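Trainee: Generate coordinates for the sequence data below:
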Amino acid sequence: MDYLKPAGLPEMLDVLEESRHGRCLAYAGGTDVIPRLKARLINPPEVLVDLKGIRELDFISYDENFGLRIGALATISSVVANGSVRGKYPALFEGARSIASTHIQNRATLIGNICSAVPSADSAPALLCFGAKVVCLSKGRERLMDLDQFLLGPNTTSLQPGEIVKEIQVPPVTADMGGAYLKLSPRSRMDLAVVGVAAVVRKDHGAFGDVRIGLGAVAPTPMRATKAEQRLRGEMISEAVILEAAKLAARESKPIDDHRASAAYRRMMVEVLVKRAIQQAQSNNDH
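Mentor: Residues are numbered from 1 along each chain as shown. Okay, here's the model as predicted:
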């Protein structure tokens, strides 16, 4: 295959446009694509396009009115180190921090974690909770869509030939929102999540105001536990109602049996982790 490393967006868009009929494959960190190519899990492209030389895609910014923007080349370690992410989006901070080893985080990108479209992607549950949107870019066209519309199934996204994900946009949050991400895996961050749970909570005079719960590794794509969220909204905070919501989330999940865990075990752990994540998120809301 040919290898190209465009120096800027115009050159990259030209390359993708010329190779849009399945002939080219773009990558940023390469921590997912390169091993899959070596293992013959994906067909080798005619042109492998390295995006690392495009500085316009390497950014993280926060604006009180617009929210958070994360560019295609922002590494996971840069997301973890960002003060706005840590301070305003703790569930995303904890999710990103739990991805793989430090040397992988220094190379891999957050958008790559999303584009891999694995059900266990650690950044996805929190991004779903925050209502993140994906910006897809091709020559002469830019598309904006919700993250849940972008993720279609295991290893499947709505990205079209000739497109890349330019950035992820996350709406602004209020100062009274607390969040948490909890991950069950054999070796903590070194392994894929068996179950991943994000919770974002805003309290209102001792009751649950806005509540959002994201689940990973328990359905074909990361998902929101909407019935559990609805059970909590407007209810006075108590262990009993949190447990009810956790049970609802477990019933909403759609896990499978695989070599890492059984579906029954995953459902049990959804209940456990949702309860803990909500408690941690509403506790963080106090600080």
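Trainee: Domain map for this protein?
Mentor: 2-50, 55-170, 177-284 (automatic domain parsing).
Trainee: average pLDDT across the shortest one?
Mentor: Mean pLDDT, domain 2-50: 89.
Trainee: could you measure Arg266 against Gly153, distance?
Mentor: Arg266 sits 18 Å away from Gly153, going by C-beta to C-beta, to the nearest Å. C-beta coordinates here come from the backbone N, C-alpha and C atoms, glycine included.
Trainee: ignore the last one, Pro10
Mentor: 33 Å.
Trainee: Equivalent analysis for Ile34, please.
Mentor: For Ile34, the distance to Gly153 equals 23 Å [C-beta to C-beta].
Trainee: again with Asp257
Mentor: 18 Å.
Trainee: got a list of what Leu144 touches?
Mentor: Shown in contact with Leu144 (C-beta atoms under 8 Å, 6 or more residues apart in numbering): 133-136, 169.
Trainee: Need the max-distance pair from those residues.
Mentor: Within those, two members stand farthest from each other by C-beta to C-beta: Cys136 and Gln169, at 11.8 Å.
Trainee: Strands of the stretch 51-200 of the chain, residue ranges please.
Mentor: 60-63, 67-71, 133-138, 141-146, 151-153, 156-157, 164-170, 177-184, 195-204 (DSSP state E, counting those that start in this stretch).
Trainee: which residues in the stretch 151-287 of the chain form helices?
Mentor: Under the criterion DSSP state H, counting those that start in this stretch, the stretch 151-287 of the chain contains helices at 226-232, 239-252, 263-284.
Trainee: related to what we said a few turns ago, among the contacts of Leu144, which one has the most neighbours?
Mentor: Val134 (25 neighbours; other C-beta atoms under 10 Å).
Trainee: Run through the bridge partners of that residue.
Mentor: Met145, Ile168 (DSSP bridges).
Trainee: and it, what is it in contact with?
Mentor: 114, 144-147, 150, 165, 168-169.
Trainee: Check Ile168 too.
Mentor: Shown in contact with Ile168 (C-beta under 8 Å, 6+ apart): 69-70, 110-111, 114, 127, 132-135, 147.
Trainee: just Leu73 next, same as before
Mentor: Contacts of Leu73 (C-beta under 8 Å, 6+ apart): 28, 51-52, 54-55, 57-59, 109.
Trainee: from these, which is closest to Val118?
Mentor: Thr109 (14.5 Å).
Trainee: Name the residue closest to the centre of the chain, please.
Mentor: Centroid check for the chain by C-alpha atoms, centre = their mean gives Ala124 as the closest residue, at 2.2 Å.
Trainee: now that one, nearest residue through space, not along the chain?
Mentor: Closest residue to Ala124 apart from its sequence neighbours, by C-beta to C-beta, 6 or more residues apart in numbering: Pro222 at 3.7 Å.
Trainee: which residues touch the one you found?
Mentor: 119, 121, 124-125, 128, 151, 196, 214-216.
Trainee: Then Gly83?
Mentor: No contacts exist for Gly83 under C-beta under 8 Å, 6+ apart.
Trainee: From Gln149, how far off is the closest residue to Ser283 other than its chain neighbours?
Mentor: Excluding its sequence neighbours, the residue lying closest to Ser283 (C-beta to C-beta, 6+ apart) is Gly178, at 7.0 Å. Distance, Gly178 to Gln149, using C-beta to C-beta: 27 Å.
Trainee: And the contacts of stretch 263-274?
Mentor: 182, 184, 194-197, 199, 213, 215, 217-218, 225, 228, 245-247, 249-251, 253, 255-257, 261.
Trainee: And that stretch, what's buried?
Mentor: Going by neighbour count (16 or more other C-beta atoms under 10 Å), the buried part of stretch 263-274 is 266-267, 269-271, 273-274.
Trainee: mind putting those in TSV, pLDDT included?
Mentor: Below are the buried residues of stretch 263-274 laid out as TSV (pLDDT from 0 to 100):
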residue	pLDDT
Arg266	97
Arg267	98
Met269	98
Val270	98
Glu271	98
Leu273	98
Val274	98
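Trainee: Show me where the stretch 101-250 of the chain dips below the pLDDT cut-off.
Mentor: 188-190 (pLDDT under 70).
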